[in-house]
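In: Sequence and predicted structure, then a few things I'm wondering about:
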Amino acid sequence: MYSGTMTPYDASALRSTAAKPPLVDGFGRVVTYLRVSVTDRCDLRCVYCMSEHMVFLPKAEVLTLEELDRLASTFVGLGVRKLRLTGGEPLVRRGFMILVEKLSRHLDTGALDELTLTTNGTQLDRYAADLARLGVRRINVSLDTLNPDLFAHITRGGDLARVLAGIEAARAAGLAVKINTVALKTDNAGEIPALISWAHGLGMDMTLIETMPMGEIDEDRTDQFLSLAEVRRDLESYWTLTDLPLTTGGPARYVRIAETGGRLGLITPLSHNFCEGCNRVRLTCTGVLHSCLGRDDANDLRAVLRGGADEVGLEAAIRTAIDAKPKGHDFHIEPGAAPALARHMSTTGG
Ligand code: SAM
Ligand code: SF4
């Protein structure tokens, strides 16, 4: 259980901001989705995400719970309808449930359609019921294998049983769970059909993700990169895949698999075909706003916040950042090359 220490919410402040013009970028895209990384820390060390001996940020650099709430709430006041909390591992951030409780007020007022999180699931069995009580309806759980030894290898020491217990607890609490799986050429390529069958058999959606060139890790990413076009061809050799029209404004394309009856998302971040519909921006745990996952554009909102800006100043800084959202991203993977982006996914929030 957790106890709240943050200041009470001022409902009138939110109401007064509700009618503000939406966040529209220089290309006419309306930003309605914010992902917030609440910590760069994690209890796992997935091989594609972190190096074995990650150096985490000093506490003073990371936004406080109050700062996270203020920033996220300002975005909600400017028309953001969906908030995803991520990390690092959000559930290892001390006081995380206090933040969820604070942010859930925007669900109560109707300002927010969805409050959700992406988690590795290791702590979920403790928090699932509270998440459901606070209005979280769906969560993404990252899981790359059902083999305990391979899981320990990919996460560098993780316990698969903890994650499976977490998923069970989430389902028991009534949360819809989507499984996120990074497609890894050397590790889980052969297991992907079994993972899909497992997830769909339990009524869970699943999304496959191509590795993205973010942050220095210990291995050569090109060794791990597995094209989802290749995975799709393989799946189509024994299953019937039908494209679904659903578009979320993100890099996922969805198919229905007739034989499993489930939905599969395919995230191919290296392709450019989703940028024109992009509706999302990301806030790092240090308060840097990245208006494009695939570029090094950055706006330091922590400096604005800690510089004493009032709401008007903060909103102006956010609008300036959104206005400059790049048209598209710039990923590339070349053998032996430095990552296209120096920052890690764990800082940016996946
Ligand atoms: N710790 C939580 C988790 O694992 O779900 C949330 C943060 S994690 C950075 C968010 C997602 O990013 C996970 O699904 C993870 O598999 C994915 N991810 C991390 N590094 C990646 C990379 N280099 N390429 C593609 N996906 C990555
Ligand atoms: Fe941690 Fe998630 Fe990165 Fe794995 S992918 S190391 S669980 S932040």
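Out: Looks like it arrived, so ask away. Residues are numbered from 1 along each chain as shown. Ligands and ions are numbered 1, 2, ... in the order given.

In: residues contacting residue 320?
Out: residue 299 (Cβ atoms under 8 Å, 6 or more residues apart in numbering). Backbone N, C-alpha and C define where each C-beta goes, glycine included.

In: before we move on, what SS does it have?
Out: The assignment at residue 320 comes out as helix when based on DSSP: H, G, I helix; E, B strand; the rest coil.

In: could you measure residue 129 against residue 152, distance?
Out: 28 Å (Cβ to Cβ, to the nearest Å).

In: Same check on residue 159?
Out: Distance, residue 159 to residue 152, by Cβ to Cβ: 7 Å.

In: and residue 44, how many neighbours does it have?
Out: 23 (other Cβ atoms under 10 Å).

In: Can you pull out the low-pLDDT segments for the stretch 151-300 of the chain?
Out: 214-222, 246-249, 270-274, 294 (pLDDT under 70).

In: Not counting sequence-adjacent ones, nearest residue to the residue of it found nearest ligand 2?
Out: For the stretch 151-300 of the chain, the residue closest to ligand 2 is residue 155, as judged by Cβ to the nearest ligand atom, at 6.2 Å. Counting by Cβ to Cβ, 6 or more residues apart in numbering, residue 44 is the residue found nearest to residue 155 once chain neighbours are left out, at 4.1 Å.

In: again, but for residue 32
Out: Nearest one to residue 32, counting by Cβ to Cβ, 6+ apart, is residue 81 at 4.7 Å.

In: Could you report the pLDDT at that neighbour?
Out: Listed pLDDT for residue 81 reads 97.

In: residues contacting it?
Out: With Cβ under 8 Å, 6+ apart, residue 81 has these contacts: 32, 33, 111, 112, 113, 114.

In: out of the residues you listed, what pair is the most spread apart?
Out: Of all pairs drawn from the contacts of residue 81, the greatest distance, 13.9 Å, lies between 33 and 111 (Cβ to Cβ).

In: So the two - more neighbours on which side?
Out: More neighbours surround residue 33 than the other of residue 33 and residue 111, with 21 against 18 (other Cβ under 10 Å).

In: Please tell me I have it right and that one contacts residue 278.
Out: No: counting by Cβ atoms under 8 Å, residue 33 does not reach residue 278; the two are 9.1 Å apart.
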